[in-house]
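*Asks:* coords please:
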Amino acid sequence: MTASDKAFTGSIPQIYDRLLVPMIFEPYARDLAQRIKGHNPGNLLETAAGTGVVTGALASLLPETRIVASDLNEPMLAQAKARLIDHPQITWQQADALALPFDDRRFDIVACQFGVMFFPDRVKGYSEARRVLKPGGRFFFNVWDRIADNEFADVVTEALSDVFPHDPPRFLARTPHGYCDVDQIRDDLMRSGFTDITIEPLEHKSRAASPRAPAVAYCQGTPLRGEIEARGAPGLEAATTAAAEALARRFGDGPIDGRTRALVISAAG
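*Replies:* Predicted coordinates for the structure are as follows:
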């Protein structure tokens, strides 16, 4: 992972929220929230909350639960606050998941949706999650499976390899889809002191109104944008168009859908 992989700045949070959230994140957010609901937590911490897709699902299912939603990236957190302004049980706090500003044994549940891939030190991040969990608490999170099992992301990545053959942008393969080895995840959790670890694959379909929508979502609504812009000619718009054309060749010109696959993890603190 590079420093730019965490750069959710400028218009990225808005594009991410408008296009990527409904296209790929919402089904997994509903799943994670339903798993957590069965534990009926009184206090819950969400790390790497992003634009709040899991936060909103949790607040709707658990109206009596006190939720602290945190993220390292303030622009993403600002977008989340704006979309969930009517949920008074949520407290928003900028925080580094590797150095959480919370007391030991404070939360019943710690949740993280598609965030641990961005942790520069996952064992430290997991150790912090365990530190703030009450005895008997659980850590719920998910990660994307390999990029070949996530069709829109895979097609976009391959298309950009053709646009920039000498230095292809690899953000999607390197970071969002770069932490999917089940044995590694389990080992990292065990090194952090977690037990009773379950890791379950989960597939969904991502749907978009046109090939252009996922092309814009990935090329302009993620840190992939910075990689594209850093390479200069032919530029962001040409790269986005090439991605859209590749998606159209694979899936058609109208509304399209593609397979997604993630791993859902639960561990006892």
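*Asks:* got any ranges where the stretch 1-150 of the chain has weak pLDDT?
*Replies:* Applying pLDDT under 70 to the stretch 1-150 of the chain flags the ranges 1-7, 9.
*Asks:* now the strands for it?
*Replies:* Secondary structure of the stretch 1-150 of the chain (DSSP state E, counting those that start in this stretch): strands at 43-46, 66-71, 90-94, 107-113, 133-144.
*Asks:* all the strands of the stretch 151-269 of the chain, residue numbers only.
*Replies:* Under DSSP E, counting those that start in this stretch, the stretch 151-269 of the chain gives strands at 195-208, 256-268.
*Asks:* give the contact list for Lys37.
*Replies:* Taking C-beta atoms under 8 Å, 6 or more residues apart in numbering, we find Lys37 in contact with 61-62. The way it works is simple: take the backbone N, C-alpha and C, and place the C-beta from them, glycine included.
*Asks:* could you dump the strands of the stretch 1-150 of the chain to CSV with distance to Leu84?
*Replies:* Formatted as CSV, those follow (distance: least, C-beta to C-beta, whole Å):
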stretch, distance to Leu84
strand 43-46, 12
strand 66-71, 8
strand 90-94, 6
strand 107-113, 14
strand 133-144, 19
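*Asks:* surely Pro27 touches Arg261?
*Replies:* No: contact between Pro27 and Arg261 fails when scored by C-beta atoms under 8 Å: they sit 11.5 Å apart.
*Asks:* identify the contacts common to the two.
*Replies:* Common neighbours of Pro27 and Arg261 (C-beta under 8 Å, 6+ apart) are His204.
*Asks:* so what's the residue count around Asp103?
*Replies:* Asp103 has 9 neighbours, counted by other C-beta atoms under 10 Å.
*Asks:* likewise Asp196?
*Replies:* Applying the criterion other C-beta under 10 Å, we find 9 residues in the vicinity of Asp196.
*Asks:* for it, give its distance to Ala33.
*Replies:* For Asp196, the distance to Ala33 equals 21 Å [C-beta to C-beta, to the nearest Å].
*Asks:* any idea how far Glu46 is from Gly221?
*Replies:* For Gly221, the distance to Glu46 equals 21 Å [C-beta to C-beta].
*Asks:* and the two? which has more neighbours close in?
*Replies:* Glu46 (29 against 23).
*Asks:* check contacts around that one.
*Replies:* Applying C-beta under 8 Å, 6+ apart to Glu46 gives the contacts 54-55, 58, 67-70, 110-113.
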